[in-house]
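Colleague: pasting the sequence and the predicted model now:
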Amino acid sequence: MQHTGHATLSASEKLVVAAAGAAAPSVFNAQPWSFTFTDDGLEVRAESRDAALPTASAVRDVHLSCGAAVLNSRVALARLGHASRVSVLPDPGEPLLVARVHVTAGVPDASLDELYRWVDSRRTNRYPFRPERIPARVLTLLHDAARQEGATLRLLDGEPAYQRMLTSIRRATWTEEEAVRDDREARLSPDSGVSVIPPANLGPVPRRELPDDPPVRDMAEGLDVPGRGSAAFERHPDLAVLETADDGPGAWIGAGQALQRLLLEATGHGVVASFANQPLEDAWLRTEVAAGAAHHGHPQMVLRMGYATARPPAAPRRPLDEVVRYADA
Ligand SMILES: Cc1cc2nc3c(=O)[nH]c(=O)nc-3n(C[C@H](O)[C@H](O)[C@H](O)COP(=O)(O)O)c2cc1C
């Protein structure tokens, strides 16, 4: 598309940008964001519909989700021919203002523009993966995508780090705090009335096969969701940890942008991902995951990556008019 060099977005461009932002992944598909269009771009705000976020990890996940939405809005702006610049947490007096994305004069980032075609087809895939591993060449591209947003994708490709992560993922099942389990059940139970992850997106229940539990953790562990069936999962998925040098809201927003950049890059190479963040929800297990790194990175996401055997439907999204605002309205 032609570069206009003009900062003002048309009404239809605003909707394209907001739709891309809203297509981002979010924790429990909560879509905890809003997009306010201003004279020179947009503001992304964290908006959690929960009265109270039960844990520190829930707060972190909201920032990560909003970061992913910021990246998608930058991608859409690039596709529309606009260059952009992001200010993360620009107003100390308004901590829920995650980022301002300013439309600037100049040439749009071609590498972002190229990712736009994957915005709608990316999805979290909790189905079994094919047995083949991701080639090193593709893993390097995913690592570079995270690096461009200031984060590190630490691939767990050697022992003992790989086994240690599997143990942490399994241990998270036994140590899940009651408040976290209740929250998970409330969000995923089809009877709860608030479920935003349809059963088809949960994938099948991983079948237990001796000697080990499957190397995935069922997001709906312990819940009776009808119609899911069960399946054997791959024995050795590619596992990786997305890490940042710092910890805190700014780092989480950066990690969310890195996550989405690498997920779009992955989609372009036929690679799908699901997440196994459960060890990060427990403060002690998170320290254990962090200790696995040679450097002192802060783990923000645990990714399981591979090649799909089935494609889940698109997870539903809130109507755009619920999440779009106009500063002059
Ligand atoms: C910060 C964050 C944490 C997430 N944690 C998990 C997780 O632990 N397990 C999981 O299966 N999916 C996890 N997800 C994926 C979301 O459930 C998913 O993005 C959402 O349901 C929307 O579906 P989609 O990604 O297919 O659009 C996470 C996503 C984000 C952004």
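Modeller: Okay, I see it.

Colleague: switch to C-alpha atoms for all contacts and neighbour counts from now on
Modeller: OK.

Colleague: my guess is Ala76 contacts Ala110, does it?
Modeller: No: counting by Cα atoms under 8 Å, Ala76 sits too far from Ala110 to count as a contact (11.3 Å).

Colleague: more crowded one of the two?
Modeller: Neighbours per residue (other Cα atoms under 10 Å) separate Ala76 from Ala110, with Ala76 holding more: 27 against 13.

Colleague: contacts only, for the more buried one.
Modeller: Listed by Cα atoms under 8 Å, 6 or more residues apart in numbering, the contact set of Ala76 reads 16-17, 20, 113, 116.

Colleague: which positions in the helix or strand containing it come out as buried?
Modeller: Using DSSP states H and E, Ala76 sits within helix 56-79. By neighbour count with 16 or more other Cα atoms under 10 Å, helix 56-79 contains the buried residues 57, 59-79.

Colleague: now the residue in the stretch 201-329 of the chain that the ligand sits nearest to. Nearest residue, chain neighbours left out?
Modeller: For the stretch 201-329 of the chain, the nearest residue to the ligand under the criterion Cα to the nearest ligand atom is Asn277, separated by 3.9 Å. If you skip the residues right next to it in sequence, Asn277 has Val302 as its closest partner in space, 5.2 Å away by Cα to Cα, 6 or more residues apart in numbering.

Colleague: and the one you found, helix, strand or coil?
Modeller: Local secondary structure at Val302 is given as strand here, using DSSP: H, G, I helix; E, B strand; the rest coil.

Colleague: where do the helices sit along the stretch 1-150 of the chain?
Modeller: Assignment of helices within the stretch 1-150 of the chain using DSSP state H, counting those that start in this stretch yields the ranges 11-22, 56-79, 110-115, 136-148.

Colleague: of these, which is nearest Gln260?
Modeller: Of all the helices of the stretch 1-150 of the chain, helix 56-79 sits nearest to Gln260, with 5.0 Å by Cα to Cα.

Colleague: picking that back up, tell me how many other residues crowd the residue of the stretch 201-329 of the chain closest to the ligand.
Modeller: Asn277: 22 surrounding residues under other Cα under 10 Å.

Colleague: got a pLDDT number for Val225?
Modeller: At Val225, the pLDDT value in this model is 83.
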